[in-house]
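*Asks:* Quick one: sequence plus predicted model below, questions after.
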Amino acid sequence: MGRIEILCSYFDYCQSFADVGCDHGYCTEYALKSGKCKSAVIADVSAKCLAKAEKLLSAYIQSGVCRSVCCDGLKDIPEQTEQVLIAGMGGEEIIKILSQGFIPQKFVLQPMKNAPKLREFLLARGCKITADDIFRDDKFYFVIKGERDGGTSAYSQSQLFFGRDSLNNPVLKEYAQAELAKRQRHLISCTDGLAREKIMEDINLLTEVLK
Ligand SMILES: C[S@@+](CC[C@H](N)C(=O)[O-])C[C@H]1O[C@@H](n2cnc3c(N)ncnc32)[C@H](O)[C@@H]1O
């Protein structure tokens, strides 16, 4: 299975779905085709990107099942939308979108980097994290699924760093090996004391997970 298919397998059945930063629109196409959602909003800050999704989903748009909005983050997304996907952008950008907008009732997030910061943010906001895993499609990806309410008890440092469910997933070992090699190479050329400390901290966590 490829990234899109794996990501979409995390969707719940819902009435309303929004794909924030939809770009090509493949995830919304999956949600509508599979019957995972009854209606969808495709949104992107870039009109050029949105146009790709509009073309792909033109039949759904014409029939009124799908609506297209060009906006920054959740700005024009109705707050009562049941399930929101934000995928393929950095964790800090996802935090900004949620902070400036709202925390959706249900969400599926796939940060390209800074996943630990995103986990910390969601936990601090009292979200319930229902899945927090890693998968591989050539590259490694973290996926975080959750709900606005219900809270999740505090995470350990390893859970924050790698994702709670990743810790029981063999893919994490492959990720840790690759990241460890990267950090070890980085350490050789890094002369900044603080940066070295952070790299060493990461190396310790990665080594721990490989045991
Ligand atoms: C790499 S694509 C990811 C597309 C798709 N979500 C996926 O995971 O395959 C990132 C998309 O997010 C859009 N984007 C970035 N920041 C955004 C924001 N603040 N609000 C809405 N869209 C944004 C970009 O224009 C781009 O189309």
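*Replies:* That came through, no problem.

*Asks:* switch to C-alpha atoms for all contacts and neighbour counts from now on
*Replies:* Fine.

*Asks:* I figured C37 hits D19, correct?
*Replies:* No - C37 is beyond contact range of D19, at 11.5 Å (criterion: Cα atoms under 8 Å).

*Asks:* Neighbour count for these two, which is higher?
*Replies:* For C37 versus D19, neighbours defined as other Cα atoms under 10 Å are more numerous around D19 (26 against 22).

*Asks:* Name the SS class of that one, please.
*Replies:* Look at D19: counting by DSSP: H, G, I helix; E, B strand; the rest coil, its state is strand.

*Asks:* So it is in contact with V84, correct?
*Replies:* Yes - the criterion here is Cα under 8 Å, and D19 meets it with V84 at 6.0 Å.

*Asks:* Do stretch 10-30 and the ligand come into contact?
*Replies:* Yes - interface with the ligand: stretch 10-30 contributes V20, G21, C22, D23 (Cα under 6 Å from any ligand atom).

*Asks:* What's the local residue count around the closest residue to R3 other than its chain neighbours?
*Replies:* For R3, ignoring the flanking residues on the chain, the nearest one in space by Cα to Cα, 6 or more residues apart in numbering is D137 at 5.7 Å. When neighbours are counted by other Cα under 10 Å, D137 registers 11.

*Asks:* Show the pLDDT at D137.
*Replies:* According to the prediction, D137 has pLDDT 97.

*Asks:* With L57 as the reference, measure out to L122.
*Replies:* For L122, the distance to L57 equals 31 Å [Cα to Cα, to the nearest Å].

*Asks:* make that C37, sorry
*Replies:* From C37 to L57 the distance is 14 Å (Cα to Cα).

*Asks:* Alongside the ligand, which residues does the protein contribute?
*Replies:* Checking the chain against the ligand by Cα under 6 Å from any ligand atom, the hits are 20-23, 44-46, 49, 72-73, 87-89.
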